[in-house]
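Visitor: next input, structure requested:
(2 chains)
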Amino acid sequence: MTISETTAPVAPPGEVTQVVEHFFRHEAGKIISTLTRIFGIEHLNRAEDVVQETLARALQTWPYYGIPRNPSAWITQVAKNLALDLIRRDRVFRNKEAEIAHLMEQVSEDATDEGSTTAENQIKDDRLRMMFTCCHSLIPQEMQVALALKTLCGFSPGEIARAFLTSEAAIAKRLTRAKQKIRDARIAFEIPTGEELTRRLDGVLQTLYLLFNEGYKASGGEHLIRAELCHEAIRLTALVAEHPAGNQPRSHALLALMLLNGARLPARVDAEGNILRLEEQNRSQWDQSLIARGFYHLLQSTAGDEASEYHLQAAITACHCAAQDYESTDWPRILGLYDRLIEIDDSPVVALNRAVAVAAVHGPRTGIEAIEAIHKRDQLSSYYLLYATLGEFEMRLDNREAAANYFRQALELVTIESEQTFLTKKLRELENCQKIGRTQAAR
Amino acid sequence: MSAPTKSEYILLFRGTDWHKGLSPEEIQEVVKQMYAWLDRLTAEGKAKVGKPLFPEGKVVSQKKGRSVADGPFAESKEAIGGFFLLEVSSLDEAAEIAKDFPGLNYGASVEVRPVAPECPLALSPSNTQPARASA
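Guide: Residues are numbered from 1 along each chain as shown, chains lettered A, B, ... in the order given. From the prediction side, this is the model:
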């Protein structure tokens, strides 16, 4: 990685020629935020163009000269130069040229150097500003997520489209509308304070939760890119939780919830990409460093007397992460947490998950009763997991006919291949059991 | 140093805006592929020197370059994004190497040309060296 610009035009053989994973993407996110502060939020597109051009310059020169000693500083420097060029050329900056140039000069090229914590804090502030802007309640939530991925995580519309199983054109439209909304509503590029901060922070956390969920749930889209959504959500939430403006117990709870769930991602599918249930997962594949970070933030989240839905969900996940094996899962404790969660969040999905805990503690019969008692159960009528769960309970009660019917219903509703494989496998097991049962009866 | 049978070929990478539509992640991927490609050629002793060329430039026309036209080269998509000097046995071998240029998958193109063994003009005593970049 240490090739001087002129003496070694081509990287020597065997030289380490790697930059950190997602480096370009994350650098893009940093610089777009800083340039947006300097240019003004109404020129977000111009900030994005400058960054794109900067990365293109890296592509044009790095392969010949080698990776600069400090890639991040190189990128910042080139972005500054290109930005200064732009404000000289572009009419919209005519009267602000001097002011913008002055702000630009203050951007430090090297925030990684010791003693430049001010510069580093400035970059973090800029990203927080971007987060509060993207996650403003006046922007519809699906647009918020797309905009955050574009501006803060450096995703292209095509990559966002792949993650959300939609077209690039649809995402491009979403992004344009979101930017229009920012202009029309004159959303300021700033970190709110006082009462407003509390309210707006909730919006930011909600959007980050949604972003994580999009990646975590198996609702389609490419597997790899969905895992990246989870990691981006973790990265951004960490940024919020560690920033003075966002350092609240519920921010840490949300981060803990993401880390503890994210830790189990590698074990959730088998080699063929089929979904594995909690009891089938190889726990040695759970990412222990994420679990450790998760428990650390869970501890941080207990600093106040607040118990948000994020706290409860994080605590539930923590129970799973703390169990050595499936058999030692503390189900009574999990059920207790669900009982509290359902008081805050009466979503039928939460109630369905609670029913699983009920069944684990009191048996499948009580589990079925819990499902039957779900308030707003009709909202689940097209939710395949309702039938998959019922099928599972019936199977444990040895009601094979009923179980098979539920699995068939679930299979009709499910669209993802790995889920289909899983359900088909279950169904086949049942049918085999029935055949054996019948043959035995015939004898 | 070079084997007597080897000669020099220049690869000209045409197209300066082929990467405009790439996402940061894709740009990083192309950079990675470029490194792998160049590393391999260097390790095999086939690569000598390479330089990028920026799209900005001026067209000099008419005798003795008296008239200088402002602006980019004829058409930016035709412009040269960089060049690379190879030392290999044949034009075919050079062309094979060019086919692996990672930018090809993203819309760039490569031109392969043999480098004349000596500068035929030998312009002035102070400039007897062939006009080529030195490694």
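Visitor: local confidence estimate at residue 89?
Guide: Going with chain A. On pLDDT, A:Arg89 comes in at 87.
Visitor: wait, chain B
Guide: In this model, B:Ser89 carries a pLDDT of 91.
Visitor: against which helices or strands is the longest helix along chain B packed?
Guide: Secondary structure of chain B per DSSP state H: the longest helix is helix B:24-43. Where contact means 3 or more Cβ pairs under 8 Å, 6 or more residues apart in numbering or on different chains; DSSP states H and E, helix B:24-43 is packed against helix A:23-39, helix A:44-65, strand B:47-52. All C-beta spots, glycine's among them, are computed from the backbone N, C-alpha and C.
Visitor: for the second one, C-alpha coordinates in CSV please.
Guide: Output in CSV follows, covering the C-alpha atoms of helix A:44-65 (Å, rounded to 0.1, in the frame of the first residue of the first chain):
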residue,chain,number,x,y,z
LEU,A,44,-27.0,17.9,-3.0
ASN,A,45,-26.8,16.7,-6.6
ARG,A,46,-23.7,18.7,-7.2
ALA,A,47,-22.1,17.3,-4.1
GLU,A,48,-22.9,13.8,-5.4
ASP,A,49,-21.4,14.7,-8.8
VAL,A,50,-18.2,15.9,-7.3
VAL,A,51,-17.8,12.7,-5.3
GLN,A,52,-18.5,10.6,-8.4
GLU,A,53,-15.9,12.5,-10.4
THR,A,54,-13.4,12.1,-7.5
LEU,A,55,-13.8,8.3,-7.4
ALA,A,56,-13.5,8.2,-11.2
ARG,A,57,-10.1,10.0,-10.8
ALA,A,58,-9.0,7.4,-8.4
LEU,A,59,-10.0,4.7,-10.9
GLN,A,60,-8.0,6.6,-13.6
THR,A,61,-4.9,7.0,-11.6
TRP,A,62,-4.5,4.4,-8.8
PRO,A,63,-4.0,1.4,-11.0
TYR,A,64,-1.0,3.1,-12.6
TYR,A,65,0.5,4.7,-9.5
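Visitor: now do that helix against helix B:24-43, angle only.
Guide: Angle of helix A:44-65 versus helix B:24-43, following axes from the mean of the first three to the mean of the last three Cα atoms, to 10 degrees, is 10 degrees.
Visitor: just the CA trace of the longest helix of chain B, in PDB.
Guide: Taking Å, rounded to 0.1, in the frame of the first residue of the first chain, the C-alpha atoms of helix B:24-43 are listed here in PDB:
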ATOM      1  CA  PRO B  24     -18.600   3.600  -5.700                       C
ATOM      2  CA  GLU B  25     -18.700  -0.100  -5.000                       C
ATOM      3  CA  GLU B  26     -18.300  -1.000  -8.700                       C
ATOM      4  CA  ILE B  27     -15.400   1.500  -9.000                       C
ATOM      5  CA  GLN B  28     -13.600  -0.200  -6.200                       C
ATOM      6  CA  GLU B  29     -14.200  -3.500  -7.800                       C
ATOM      7  CA  VAL B  30     -12.700  -2.300 -11.100                       C
ATOM      8  CA  VAL B  31      -9.700  -0.800  -9.300                       C
ATOM      9  CA  LYS B  32      -9.200  -4.200  -7.700                       C
ATOM     10  CA  GLN B  33      -9.400  -6.000 -11.000                       C
ATOM     11  CA  MET B  34      -7.000  -3.500 -12.600                       C
ATOM     12  CA  TYR B  35      -4.500  -4.200  -9.800                       C
ATOM     13  CA  ALA B  36      -4.800  -7.900 -10.300                       C
ATOM     14  CA  TRP B  37      -4.300  -7.500 -14.000                       C
ATOM     15  CA  LEU B  38      -1.300  -5.200 -13.800                       C
ATOM     16  CA  ASP B  39       0.200  -7.200 -10.900                       C
ATOM     17  CA  ARG B  40       0.100 -10.300 -13.000                       C
ATOM     18  CA  LEU B  41       1.600  -8.600 -16.100                       C
ATOM     19  CA  THR B  42       4.400  -7.100 -14.000                       C
ATOM     20  CA  ALA B  43       5.100 -10.400 -12.300                       C
END
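Visitor: nearest residue to A:Gly40 in space, please, no chain neighbours.
Guide: Spatial nearest neighbour of A:Gly40, chain neighbours left out: A:Phe189 (7.4 Å); criterion: Cβ to Cβ, 6 or more residues apart in numbering or on different chains.
Visitor: ok, A:Ala227 next?
Guide: A:Leu265 (5.8 Å).
Visitor: same deal with B:Leu12?
Guide: Nearest to B:Leu12 is B:Glu111, by Cβ to Cβ, 6+ apart, at 4.3 Å.
Visitor: tell me the strands beside the strand or helix carrying the one you found, with direction?
Guide: For B:Glu111, the host element (DSSP states H and E) is strand B:109-114. Each strand paired with strand B:109-114, and its direction, by DSSP bridges: strand B:7-14 (antiparallel).
Visitor: quick one: the partner strand to strand B:47-52, angle?
Guide: 20 degrees.
Visitor: which parts of chain B sit against chain A?
Guide: Proximity of chain B to chain A, by Cβ under 8 Å from any Cβ of the partner chain, involves residues B:16, B:19-20, B:22-28, B:30-32, B:34-36, B:38-39, B:42-43, B:47, B:49-52, B:54, B:81-82, B:135.
Visitor: now with 7 Å, please.
Guide: Contacts of chain B with chain A, taken as Cβ under 7 Å from any Cβ of the partner chain, map to B:19-20, B:23-25, B:27-28, B:30-31, B:34-35, B:38-39, B:42-43, B:47, B:49-52, B:81-82.
Visitor: just the buried ones from those residues?
Guide: Applying 16 or more other Cβ atoms under 10 Å in any protein chain shown to the residues of chain B next to chain A, the neighbour count classes B:19, B:23-25, B:27-28, B:30-31, B:34-35, B:38-39, B:42, B:47, B:49-50, B:52, B:81-82 as buried.
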